[in-house]
Every structure is written in C-alpha cells, then in structure tokens.
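How does the following fold in three dimensions:
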Amino acid sequence: MTRPVPGPDQPPIPVRLVTFNTHHGVGFDDRHDLPRLATVLASVDADVICLQEVDRHFGERSEDVDQALLLSRALDMQLAWGPAIDRPGAGGQGSGELRRQYGNALLSRLPILVSDVHRLPGDGEPRIALRTMIELDGGALWVTTTHLTNDSAEVRAGQAAALAELHTGPMETGVLVGDFNAAPDAPELDPLRQRFTDAWQLAQAREDRAGWRFWQRDEGHTHPAGGPHRRIDQVWVSAGVTVRAAAVLDNEGASDHLPLVVDLEVRSGV
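I've put the predicted structure just below:
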C-alpha cells in the first residue's frame, strides 16, 4: 500500500521534548541515583529526551553502569548515543573490557531514522554534537543535542558556528538543544541566532522554578538547581517549528541542573 503524502493543509504534529544535563546521575546530595533520574524523566511524559553528561561504564562515580542503555530500557525508548570521551577500559586496549564513555544521549518513543556524531572545535574536554532525525506521523524532526565548553567564549563561538553548519537548507524542521554554558543572548551564540530562534522567547506559555521571586519571573533559569540564576540549558528551533509552551521543572534532587521541557508543533509534510 502506498503511504499518502501529507499536503500543505495538514495540521502540525505535536512533540514534547525535554533537555536535561544529568550530571552523570549525581544529585546535589552527592549520591548517584539512576532510578531517581529515571523517575524524573518518566514524569515528563516526553516524546524525545535529550541528555548531557551521561556515563557508560565510566567509573566509580556512576557505579560503572551503562546509564544510557539502562535509562532507555527503563523508559522503553529508542536510544541514540554520542560519546564525547571514549577511552579503553581499565585493562587497556585489547583487554576485552568495556570502553569508558561520556557524552550525550537521545531517547525517543518515536522512530530514530538517522544518528551521527560530529566533533566540535576546541582544546580541553572534547565536545560533540549528536544529530538525529526523528520520524513523525506525516513529517520528520531533526534534533541536535550538544554541550558546549565552559572555558572560553571564543571557543564556544567556534562551536556555535559548527553547530549552525550542521543544519542545512533541506532541514526545515529542526531543533538544537543542550547545555550551552552561555546565556541565549551571549555574543558567541550569534551563529545560532542566524538560523534558529530561542524557544523560550517564542513560547506562548512559560513557567519556571524561580517564579516565586517577584524580580525573577518566567526567566527560564536552570542552573544551579538549588538556586537557579543562569539560563544555560536551552532549546533553539527552526522556522518549521512552533513553540506552544516551555517550562523549567523540578528535578527532585537528581542533578545540579533543572530540566527544560518544550511543547512543540512541527510542520507536517517536510
């Protein structure tokens, strides 16, 4: 049977997306608790979950477990993985031990059609972009997950430019998410502003954890979790994506960041 091709009058497709720097599952109580993290993620009821600072057999700090795989199984979601750090196991190359990895993960209840990893420029801790294409019912959504350096605005500028280049002309419906270690209006993120728009500013409804402060209402701050005053965890969207709502959620102590959830509507037929 031939699948019908969506027409231009098809309604947009709703997608709930969350981005969360997990701090390798260690909360501000200094305790590694992956079930706590999984419970927080499950409560969001997201279609796509983008995670930064995820460990796979990295060491004692995360009990040497494969966090990406365990979370995908706990939430019954597909997994795409992007290692920023990839080292041999403790026994060395050829020992047969599992590699020690750390990076970004994407979990999806929708089919993942494409997944590739792109190294970003800069010295120091390696940084990458995990680019995926998600199949929607009548469309597709490109999702790129990243975590930029916290050391240098100049290096972040080069990384932002590399990220912008990953979003090509045919990719009309795309989102770029992650921990950018800079405010959305920072000069070094200008390459992103040339191709994307800050989802928090577009959202028709907004809610954050700092709303009780009368001088800080609907600011979208996500870090540090105990007293957020920095909006470094962000979602950027292309022209084919509408933002209905955005909210910063409680993390139940699971990380030093707070999760950001956005309700998107994606143009169909692209």
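
so where's this structure uncertain?
For the chain, applying pLDDT under 70 flags the ranges 1-8, 91-97, 209-217, 270.

Could you look up the next helix or strand downstream of the longest helix belonging to it?
Across the chain, the longest stretch assigned as helix under DSSP state H is helix 153-166. Remark: after helix 153-166, the chain's next helix or strand is strand 174-179, criterion DSSP states H and E.

Pro35 in helix, strand or coil?
helix (DSSP: H, G, I helix; E, B strand; the rest coil).

neighbours around it, how many?
Taking other Cβ atoms under 10 Å as the criterion, the count of residues near Pro35 is 11. Placement of C-beta: from N, CA and C, glycine included.

what residues are up against the nearest residue to it once chain neighbours are set aside?
Once flanking residues are discounted, Pro35 sits nearest to Ala74: 7.8 Å by Cβ to Cβ, 6 or more residues apart in numbering. For Ala74, the contacting residues are Pro35, Ala38, Ala42, by Cβ atoms under 8 Å, 6 or more residues apart in numbering.

Leu51 is in what secondary structure piece?
Using DSSP H and E, Leu51 sits within strand 48-56.

what residues are up against the residue nearest in space to the middle of the chain?
What sits nearest the mean C-alpha location of the chain, by Cα atoms, centre = their mean, is Cys50, with 3.3 Å. The neighbourhood of Cys50, defined by Cβ under 8 Å, 6+ apart, consists of Leu17, Val18, Thr19, Phe20, Asn104, Ala105, Leu106, Val143, Thr145, Val177, Gly178.

Tell me the one among the residues you listed nearest to Ser255.
Distance to Ser255 across those (Cβ to Cβ) is lowest for Phe20, with 6.9 Å.

can you give me phi and psi for the closest residue to that closest one other than its chain neighbours?
With Cβ to Cβ, 6+ apart as the criterion, Phe20 has its nearest non-adjacent residue at 3.9 Å, and that residue is Pro259. Backbone dihedrals for Pro259, given as degrees, to the nearest 10, come out at phi -80, psi 150.
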